[in-house]
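Asks: Model the following, please.
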Amino acid sequence: MLKYFIQVVQYALPGAIPVSLLWAFFYGRAGKTRKSQSEEDPSRSGGIFGVDAFTLGAAAGTAAALVLSILRSFTRLVNREYVNIAVLSLAIPAAVVFMLLLPDALKESKKNPLREKIIEWTGAAAVALLLFYTLPTIFLYVREFVPPGESAFSTGVLFKLAGFLAGIFLVFLSCLALFHAAMNLRPGTRLVGIILSAVLATGIVNHLFVIVQVLLARRIIRAPRWLFRIIIEVINHNVVFLYIIMGLSLVIPVVLFLQNRAISESWRNPAEHRKLKASKRSLRRWSAAAVLSYTAAVLTLTSVKAYSERPVTLSPAEPITIAGDEIIIPLEKINDRRLHRYNYTAAENIEMRFIVILKSETAYGVGLDACDICGPTGYYERKDGVVCRLCDVVMNTSTIGFKGGCNPVPLAYAMRQGSMVIRTADLEAERLRFK
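Replies: Presented below is the predicted three-dimensional model:
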């Protein structure tokens, strides 16, 4: 659950924040400025640079991301790294052109139609390419919910879906609050444009490192040792770029909150006064929502991530009795419905582990402390469940001892005179799983 919650937040926010700022920018000036422009010229109520281009770019980017996700799921026609390089190689020039033309466009009282068109379509292209770059990874998480051989209607799948949707909700709330803050800032377009340029510049630096990383990994280019060390550090601390983007964009809701602490406008009657108070209160709430959602995102990527990635220590192995070619475990030691772990040293001095748990009054779950999907990472108890240490899937205890999904590899056993008997030959046959 936490795994997908963290991943969605970490991978979606870097693209979602600039898209929400571009959205606010495309929809025109905020607050009174935007309202007055709409009253003077109703044809401009849709935005100063054209909403249609933005909508087209967003729709095209989302559709292309969905098609790419389907191709990557069911075919081998798509090389992810090469596609990312191609997308970023188009997105970076589009963002640079947009940033270069933006300052003059904001300063001029008389607009240059050609320049506005270029800004409009380069901005729309940047939106399309950002979505095309970001969304396939998010879409493909859904494919991981159901491991091979496991039912789609299981507790593990439900937890994964809940974490995924919680991450989507946090990203959506963050960007919606940021959008409302940017739309109501005074003067909106100028400050939003400055912040947007800084956010895009940060993203460009990050994406340049992504391109260089792929080119180095494919040995297409070579880098001196000092540059290689810098790239390694950037890869290991890539989340810093997200923190910079969040810090820059957070200026907008903070400024909006400060602008609306008190009523500076005049009013003619108590009704107008109440309306102004309600409007100020609403804007402060959007600002607070942005700050709180950003705080939740930072906590997710720090404290929650550290908690989810904490190493889980497997319980110590219990002693076993080996008689000839059989392992004998008295039933009174395993009838407590708890997970019991045992070690066995196989040929070539390979240390193996297997687990035993009472599933019902007459049935036991017996298997290797390994599975076909995650290997010998092991299982541990969490509350009343048995959990895979690698993928965090909670096992249905009744299925332990059967093949499929992330279940432990089944191990044959027999009952004899109040004891469970396991043949060492059955363990020896599986020893290479632990090599």
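
Asks: Which stretches in the stretch 151-300 of the chain count as strands?
Replies: Counting by DSSP state E, counting those that start in this stretch, the stretch 151-300 of the chain forms no strands at all.

Asks: same question, the stretch 301-435 of the chain
Replies: Going by DSSP E, counting those that start in this stretch, the stretch 301-435 of the chain shows strands at 321-323, 326-330, 340-345, 351-358, 364-368, 379-382, 385-388, 394-395, 414-416, 419-423.

Asks: Residue 189: which of those is closest?
Replies: Closest of the strands of the stretch 301-435 of the chain to residue 189 is strand 394-395, at 50.2 Å (criterion: C-beta to C-beta). C-betas here are computed from N, CA, C, even on glycine.

Asks: Which strands or helices does that closest one pack on?
Replies: Applying 3 or more C-beta pairs under 8 Å, 6 or more residues apart in numbering; DSSP states H and E, one finds that strand 394-395 contacts helix 155-183, strand 385-388.

Asks: hey, least reliable of those by pLDDT?
Replies: Of all the helices and strands packed on strand 394-395, mean pLDDT reaches its minimum on strand 385-388 (a mean of 83).

Asks: which strands and helices sit next to it?
Replies: If contacts are counted by 3+ C-beta pairs under 8 Å, 6+ apart, strand 385-388 sits against strand 379-382, strand 394-395.

Asks: Who are the contact partners of residue 351?
Replies: 343-345, 434 (C-beta atoms under 8 Å, 6 or more residues apart in numbering).

Asks: what's near enough to touch residue 88?
Replies: Contact analysis of residue 88 by C-beta under 8 Å, 6+ apart lists 129, 133, 207, 210-211.

Asks: Helices - which of the residues you listed land there?
Replies: The members of the contacts of residue 88 that map onto helices under DSSP state H are 129, 133, 207, 210-211.

Asks: about what we covered before: could the contacts of residue 351 be laid out in JSON lines, adding pLDDT, distance to residue 119 and neighbour count?
Replies: Putting these into JSON lines (pLDDT from 0 to 100; distance: C-beta to C-beta, whole Å; neighbours: other C-beta atoms under 10 Å) gives the following:
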{"residue": "343", "pLDDT": "92", "distance to residue 119": "67", "neighbour count": "14"}
{"residue": "344", "pLDDT": "91", "distance to residue 119": "69", "neighbour count": "19"}
{"residue": "345", "pLDDT": "91", "distance to residue 119": "70", "neighbour count": "12"}
{"residue": "434", "pLDDT": "88", "distance to residue 119": "61", "neighbour count": "17"}
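
Asks: closest to residue 106 among those residues?
Replies: residue 434 (64.5 Å).

Asks: Against residue 370, how distant is the closest one?
Replies: Distance of residue 434 to residue 370, computed by C-beta to C-beta, to the nearest Å: 7 Å.

Asks: Give the closest residue to residue 101 in space, chain neighbours not counted.
Replies: What sits nearest to residue 101 in space, not counting adjacent residues and going by C-beta to C-beta, 6 or more residues apart in numbering, is residue 119, at 5.1 Å.

Asks: separation between that neighbour and residue 99?
Replies: Residue 119 is 10 Å from residue 99, where distance means C-beta to C-beta.

Asks: Among those two, which residue is more densely surrounded?
Replies: Shown here are residue 119 and residue 99; by other C-beta atoms under 10 Å, residue 119 has more neighbours (26 against 19).

Asks: picking that back up, nearest to residue 306, of the helices and strands packed on strand 394-395?
Replies: helix 155-183 (16.3 Å).

Asks: Please enumerate the helices of the protein.
Replies: Assigned by DSSP H, the helices in the chain fall at 2-26, 31-40, 51-74, 80-107, 113-141, 155-183, 188-217, 225-236, 239-249, 251-259, 270-299, 305-308, 424-428.

Asks: For the shortest one, which outside residues touch it?
Replies: By C-beta under 8 Å, 6+ apart, the surrounding residues in contact with helix 305-308 are 2-3, 6, 392.
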